[in-house]
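1. dropping a prediction and its sequence here:
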Amino acid sequence: MAGTCLALELERRGRAFRILDDAHRGSSSVVAAGLCNPVTGRRLALTVGWEEAVEAAQKAYRGSPHWRSTGQLRLLPDATGAALVERRRGEPSHAGFLGNSHPAGSWPEMNDPHGSVEIRDTHVLKVREWLAGHTRRWAESGMLQTGRWDEASVTALAGARPVICCRGWQAASSPWWDWLPFESARGDLLTLQAPPGVEESRFLNGTAWLLPVGGGIWRGGATYAWDRLEAGPDPAQLPLLRGRFPRQDAAGWTVLAHESGVRPIVRDRTPVVGAHPSRPNLFVINGLGSKGSLLAPLAASRLAAHLAEGVPLPDAWSPGRFASRD
């Protein structure tokens, strides 16, 4: 996501570039559901920087058949949930995102023992399809080269030109970026076939989530694991996921695919965007975590403006914030 969004921003500015790609091995982008959610977590926290980030995402994805807005039904996690919703309603930051509340048992097909609330302004990108279209176009034009790349081969190709590393969690193994405090997490997701008669268009969000993608096909997820990042899908997660889905009948749906990807997360859960502290021609976009579809367009726009026009990058995103720490 980060690399594709950056390439689009450079292309829009008329800047020449070359993409070196390893086919996204282990990347969360190739399996991601593409959710852009304004309110997250058990505490219904507002996504930091939502307004600016969703504006950049709308600009980047607008016009694509793979981008859409969707309703969201958030199932409350415990008995305190209803009171929390009403408290959040009184906060100006949340007022526009919280829709109707529903008491427990309002949806016979749902696991909603504590009730639910509708969340507004949710969006979703079909990431795999969106990436594939741009990848195909750049490959046909000769701007994209695929293969296994190391730092020496990239340096030889780039010469004195800037190099921007958009390798996600794999940057942890790069001598250029291995000092960043990565805390990346593997996530398992399922692709499911619902039986005929299941009519639902909303994103269903609880302790696990379900997203309808059309034709009776749903995506379902997701787990978090901080070890064995390269292990791929974990069969032990399959029954755990199916037992946590918001719909009671989803545990019996047909599993079409079980996939996993690794979310690139750093210690302070803030994006890492900017120049290497001792190599001024070396840049990075990383640390987008589980919000790649939302944050990648903004991060790419900011970095492209910096490279092309010298616009300063946010200090809070600087890789240098970690350079002097243990």
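-> Thanks, I have the structure now. Numbering: from 1, shown residues only.
2. tally up the residues packed near the nearest residue to residue 78 once chain neighbours are set aside, please.
-> In space, and not counting its chain neighbours, residue 78 is closest to residue 114: 5.8 Å by Cβ to Cβ, 6 or more residues apart in numbering. Placement of C-beta: from N, CA and C, glycine included. Residues contacting residue 114 under the criterion other Cβ atoms under 10 Å number 16.
3. so which strand or helix has residue 114?
-> Counting by DSSP states H and E, there is no helix or strand that carries residue 114.
4. my read: it touches residue 84, true?
-> No - proximity of residue 114 to residue 84 does not meet the contact threshold set by Cβ atoms under 8 Å, at 10.3 Å.
5. intersection of neighbour lists for these two?
-> residue 76 (Cβ atoms under 8 Å, 6 or more residues apart in numbering).
6. residue 248 and residue 181: what is the separation?
-> 41 Å (Cβ to Cβ, to the nearest Å).
7. an error on my part: the question was meant for residue 197.
-> Residue 197 is 49 Å from residue 181, by Cβ to Cβ.
8. quick one: which of the two has more around it?
-> Ranked by neighbour count (other Cβ under 10 Å), residue 197 and residue 181 place residue 181 first, with 14 against 6.
9. for the more buried one, which non-adjacent residue is closest in space?
-> residue 267 is the one closest to residue 181 (Cβ to Cβ, 6+ apart), at 3.9 Å.
10. and for residue 228?
-> residue 186 (7.1 Å).
11. coming back round to it: tell me the contacts of the residue nearest to residue 181?
-> Counting by Cβ under 8 Å, 6+ apart, residue 267 touches 181-183, 322.
12. could you rerun that using 10 Å?
-> Each residue near residue 267 by Cβ atoms under 10 Å, 6 or more residues apart in numbering is listed here: 180-183, 287, 322, 325.
13. what residues are up against residue 277?
-> Applying Cβ under 10 Å, 6+ apart, we find residue 277 in contact with 179, 318-324.
14. state the distance from the residue nearest to residue 104 when sequence neighbours are not counted to residue 241.
-> Once flanking residues are discounted, residue 104 sits nearest to residue 115: 4.9 Å by Cβ to Cβ, 6+ apart. Distance from residue 115 to residue 241, counting by Cβ to Cβ: 23 Å.
15. just to check, residue 75 is in contact with residue 205?
-> Yes - using Cβ atoms under 10 Å, residue 75 is in contact with residue 205, at 6.8 Å.
16. more neighbours: which of those two?
-> Taking neighbours as other Cβ under 10 Å, residue 75 and residue 205 compare with residue 75 leading, 24 against 21.
17. for the residue nearest to the more buried one when sequence neighbours are not counted, what are its contacts?
-> Spatially, and ignoring its direct neighbours in sequence, residue 75 is nearest to residue 206 (3.7 Å; Cβ to Cβ, 6+ apart). Neighbouring residues of residue 206 by Cβ under 10 Å, 6+ apart: 73-77, 110-112, 114, 116, 244-247.
18. off-centre distance for stretch 275-285?
-> 23 Å (Cα atoms, centre = their mean, to the nearest Å).
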